[in-house]
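pasted the sequence and its predicted model underneath.
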Amino acid sequence: MEDIELLNSTFELYMQKGKEAKEKGNYALAKRNFMLAGETMMKIAKVSQGKLKEVRLNRAKRIVELSDRIGTEKEKKKEDASDEDDEVKKWQQAEIPNIHFSDVAGLDEVKKAIKIRMINPFLYPDKYKLYNKKTGGGVLLYGPPGTGKTMIAKAIACEVGAKFYAVKGSDIVSKWVGESEKNINSLFEEANKQDRAIIFIDEMDSLLGKRGQDIHNDKRVNEFLQQIDGFAGRNPNLLLLGATNRPWDIDTAATRSGRFSQKIYIPLPDEKARKFMLEKNMKNVPVSKNFDIDKIVKQTELYSGADIEELCDRAKDEPLLKAIETDSVVEVTNKDFDNILKIFPPSVTESELKKFEEYNNDIDSLIKNKRKKK
Ligand SMILES: Nc1ncnc2c1ncn2[C@@H]1O[C@H](COP(=O)(O)OP(=O)(O)OP(=O)(O)O)[C@@H](O)[C@H]1O
Ligand SMILES: [Mg+2]
């Protein structure tokens, strides 16, 4: 297997040489270096996993395309650089989504904690002042995939009316190997200028991985921690929100006090939450007279919110097909759900859930130990 660190440095070197040659107008040399950078990124992608692999492949393709264009568009001198600038702007203009807290099923305790920490300080600053209540800092939402973490972040953006910067960890890492530090810096500077702002880092594990394995990751994590300490820690109007389904991969320094210190577990939906979601997904859909939603609630233990959405969608397929064929209204029945449930197990496995339980227990015992020491 190729040495990833070596590949990363080779990639950076080619990119650097490419940019220098391009600035000097030596397009042939620039073209060659960008081509080699693209090929190297392709190799990096091949040894990467999952989403990161996909984004790195895209990155490689873009660089190769860029190298093809060099010289043909001499006028557009800054094109390659502006790619990155555009991206920074994209975070900054993050649209406020139209999702409210009332759309999020269950999680009452979670909602309450988030209201106290992230929403009310913006809505009732005078009251917070009166009670001399601390604001600012960071919250990390963690839990199995598809439980509504990203959805909650969007709802916070919507409820708060603060400037909201949404960043995906894997985007920062893949797009700017070697340049992430600069971009993290500019993100914090921009957010710090606002009256009130939230920086939301989705897929935080890919941005703040444990240090000691990859030099680029270490540089990025150090820069990020510095930014948190410099800005977020001091500015009470700047809040940090992170989300991850792999909390154990995050460098522990990132979750120390003053940083993403409040960790909130977003669990799989309980019965009440599942009922809310099933009802929402089946609202106004023609269902049989004896359609028993409580039965489905019982059948869907361990199904995530995203699973329930998909389950409802797939259960509608057969009746819908029949309705088209017979040009009539065919009602959805419990049998349609039974058929899909047979072939569609929950996406979160018991062993994954166990990992979360263990992680939560670790946190609990950490807190207990701290108390004992006092
Ligand atoms: N608690 C919930 N209430 C309502 N809908 C939910 C809930 N949880 C999940 N969903 C549905 O599932 C979809 C996926 O949820 P979301 O993207 O927020 O999951 P996530 O926790 O961020 O997952 P991942 O860890 O994979 O990023 C949502 O768009 C929503 O439709
Ligand atoms: Mg998510």
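Done, it's in. Note that the coordinates shown come from a computational prediction; the quantities given were computed from them, not determined experimentally. Numbering: from 1, shown residues only. Ligands and ions are numbered 1, 2, ... in the order given.

C-alpha only now, for contacts and for neighbours.
Fine.

ligand 1 contacts on the stretch 51-200 of the chain?
103-106, 144-151 (C-alpha under 6 Å from any ligand atom).

try the stretch 251-374 of the chain
277, 305-306.

list buried members of these by neighbour count.
277, 305 (16 or more other C-alpha atoms under 10 Å).

export the residues of the stretch 251-374 of the chain next to ligand 1 to CSV and append columns for distance to A166, pLDDT and secondary structure.
Shown next, in CSV, are these (distance: C-alpha to C-alpha, whole Å; pLDDT from 0 to 100; DSSP: H, G, I helix; E, B strand; the rest coil):
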residue, distance to A166, pLDDT, secondary structure
M277, 26, 96, helix
G305, 22, 96, helix
A306, 21, 96, helix
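
between the residues of the stretch 251-374 of the chain next to ligand 1, which sits nearest L57?
A306 (26.9 Å; C-alpha to C-alpha).

can you pull the contacts of the closest one?
Contacts for A306 (C-alpha atoms under 8 Å, 6 or more residues apart in numbering) come out as 146-148.

what does K163 give?
Contacts of K163 (C-alpha under 8 Å, 6+ apart): 157, 191, 194, 196-198.

same thing but at 7 Å, please
196-198 (C-alpha atoms under 7 Å, 6 or more residues apart in numbering).

against ligand 1, how distant is it?
Separation of K163 from ligand 1 (C-alpha to the nearest ligand atom, to the nearest Å) stands at 20 Å.

how about E12?
In terms of C-alpha to the nearest ligand atom, E12 sits 30 Å off from ligand 1.

in the protein, which helix or strand is least confident?
When the helices and strands of the chain are scored by mean pLDDT, DSSP states H and E, helix 79-92 comes last with a mean of 52.

so what does the helix or strand following that one touch, helix or strand wise?
Next helix or strand after helix 79-92 toward the C-terminus (DSSP states H and E): helix 108-114. The contact analysis (3 or more C-alpha pairs under 7 Å, 6 or more residues apart in numbering; DSSP states H and E) places helix 108-114 against no helix or strand.

list the buried ones in helix 108-114?
Quick answer for helix 108-114 (16+ other C-alpha under 10 Å): 111, 114.

so how far is that helix off the chain centroid?
Put simply, helix 108-114 sits 20 Å off its chain's centre (C-alpha atoms, centre = their mean, to the nearest Å).

from the chain's centre, how far out does whatever helix or strand comes next after it sit?
Counting by DSSP H and E, the next helix or strand C-terminal to helix 108-114 is helix 120-123. The chain centroid and the centroid of helix 120-123 are separated by 24 Å under C-alpha atoms, centre = their mean.

what is the rounded mean pLDDT of the helix or strand that helix 120-123 is followed by?
Beyond helix 120-123 in the direction of the C-terminus, DSSP H and E gives the next helix or strand as helix 125-130. For helix 125-130, the mean pLDDT works out to 91.
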